[in-house]
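Colleague: sequence first, then the predicted structure:
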Amino acid sequence: MRVPSEVTFRIRRFDPGRASPPAWEAFTIAYAAGMTVLDGLRRIKETVSPTLAWRSSCRMGVCGSCGMFINGRPRLACNTQISELEDLPVTVAPLPNFAIIRDLVPDLRPMFDAHVALHPYIIRDDVAEMYEPTGEYFQSTEELEHFLQFTYCIKCGCCMAACPTYATDAAYSGPMPLAQAHRYNADSRDGGFRERKAVLAGERGPWKCHYAGECSQVCPKGVDPARAIQLMKRQLVFDYLRLYTQPCPSTVVPKATEIKRRADVPEAPAPTVARG
Amino acid sequence: MRDQRLWTWHVLAGLVILVFLGLHMAIMHLDALLGIFNPAGDHPIAWENVVARAKLGFFTFSYIVLLGAALFHGLYGLRNILFELNPGAGLRKGLNAALTAVGVVMFAFGAWAAWAASALARTL
């Protein structure tokens, strides 16, 4: 592939202090091998336009801050190599389906409000044990695999920006909050299905999802929210038919350091470097 | 709770449609195999065969169940499409009422027609 000496960015700018609507602005900067879209934005801010605004933090696809609409697709700016884009120039806009605070900064509050409303945490009756644990909640590997994929969500909002239902229906919770609700419903340590059902069984639930699957296509972490939503629908249908009973949350077991070593777990190999 | 209930009935109606529409397709297009419902031979929609089926209570029952399931399934789908246009709360209530009324009236008319056809066939 021919390496360009410079690269042009078309960035959608918006200044809330002015009455003008968002407008495109082009910047051309020197290209360096391995440059990500986030690197390019930083270069523009440092050398051309110090007022350019966006969110970012970790620079390695973990924090979920830098979700943007890059070349027509929601992506993480830090995780997007310019050399891997299908075509140039690089076009960058704020995530669709959210109001714009400034430039590339979307207002993600509706997403987090919907997330909070679905109780995204372990809910149990033994409150005393939760706050002053005497042991651990046992969970087998098989039980973990029921929801492990959904724990990788970094709340970047890319799925929300890609969802055609969320684009039109303000009452729909959206893929991220729903997938996270299912993540806890499917957790064997949790007993909060009834609490979450108070929201999920109504119009904020998964019912409007018509399985476009775009959320899963764009998820930078491979979470597959569309799958979580379909599993949640099945769970709620079975619940209505009284065919679903949430199993009792897993019990408390002594901490691993206090129990005997299991016979089928091999000893660690001898150290290859002498201690001390 | 309401949306959970409606969705569950939507799924159940889909299953009913699958069974009874499957039966309809089989009778209409696999007549060589399912000739028992076409005692007059010839084509499945020949007058004699239609009358013969109309005399059977099972078919009257299946027409009415299929009608109810198809109406609910289709009108619920239409409701979802209309609600994606983000109508206000008042308009949502109006749409719910209108779609329910359309469903009830069409079901009543269709059920009456199926029953009347059955009754008429028995006199022939």
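Modeller: Right, received. Where do you want to start?
Colleague: what residues does chain B have near chain A?
Modeller: Applying Cβ under 8 Å from any Cβ of the partner chain, we find that chain B lies next to chain A at B:1-8, B:11, B:80, B:83-86. C-beta coordinates here come from the backbone N, C-alpha and C atoms, glycine included.
Colleague: please repeat the previous calculation with a cut-off of 10 Å.
Modeller: By Cβ under 10 Å from any Cβ of the partner chain, the residues of chain B that approach chain A are B:1-12, B:76-77, B:80-81, B:83-86, B:89, B:92.
Colleague: can you give me the strands in the stretch 151-276 of chain A?
Modeller: A:252-253 (DSSP state E, counting those that start in this stretch).
Colleague: look at the closest residue to chain B within it and report its pLDDT.
Modeller: Relative to chain B, the nearest point of the stretch 151-276 of chain A is A:Ala201 (3.8 Å; Cβ to the nearest Cβ). Looking at A:Ala201, its pLDDT stands at 95.
Colleague: ok, A:Met1 next?
Modeller: Per-residue confidence for A:Met1 comes out at a pLDDT of 53.
Colleague: so the residue of the stretch 151-276 of chain A closest to chain B makes contact with B:Asp3?
Modeller: Yes - counting by Cβ atoms under 10 Å, A:Ala201 touches B:Asp3, with 6.3 Å between them.
Colleague: any common contacting residues for those two?
Modeller: Common contacts of A:Ala201 and B:Asp3, defined by Cβ atoms under 10 Å, 6 or more residues apart in numbering or on different chains, comprise A:207, A:236.
Colleague: who in chain A is up against chain B?
Modeller: Residues of chain A lying near chain B by Cβ under 10 Å from any Cβ: A:164-165, A:167-172, A:197-198, A:200-208, A:210, A:233-234, A:236-241.
Colleague: what do you get if the cut-off is 6 Å, keeping everything else the same?
Modeller: Applying Cβ under 6 Å from any Cβ of the partner chain, one finds that chain A approaches chain B through A:168-169, A:201-203, A:205, A:207, A:236-237, A:240.
Colleague: quick check on these: which are buried?
Modeller: A:169, A:201, A:205, A:207, A:236-237, A:240 (16 or more other Cβ atoms under 10 Å in any protein chain shown).
Colleague: wait, which of those residues is closest to A:Gln149?
Modeller: A:Leu236 (19.7 Å; Cβ to Cβ).
Colleague: re earlier: ok, so of the buried ones among the residues of chain A next to chain B, who is nearest A:Ala268?
Modeller: When those are compared for distance to A:Ala268 (Cβ to Cβ), A:Leu236 wins out at 44.8 Å.
Colleague: that closest one is in contact with B:Gln4, isn't it?
Modeller: Yes - using Cβ atoms under 6 Å, A:Leu236 is in contact with B:Gln4, at 5.2 Å.
Colleague: circling back to that earlier point, buried only: go through the residues of chain B next to chain A for me.
Modeller: Here, 16+ other Cβ under 10 Å leaves B:3-4, B:6-10, B:12, B:76, B:80, B:83-84, B:92 buried among the residues of chain B next to chain A.
Colleague: of these, the lowest pLDDT goes to which?
Modeller: Out of these, that is B:Glu84, at 84.
Colleague: and that residue, how far is that from A:Ala179?
Modeller: Applying Cβ to Cβ, to the nearest Å, the value for B:Glu84 to A:Ala179 is 20 Å.
Colleague: may I have the residues that are in contact with residue 114?
Modeller: No chain was given, so I picked chain A. A:173, A:177 (Cβ atoms under 6 Å, 6 or more residues apart in numbering or on different chains).
Colleague: let's do chain B instead
Modeller: B:Ala114 neighbours (Cβ under 6 Å, 6+ apart): B:60, B:63-64.
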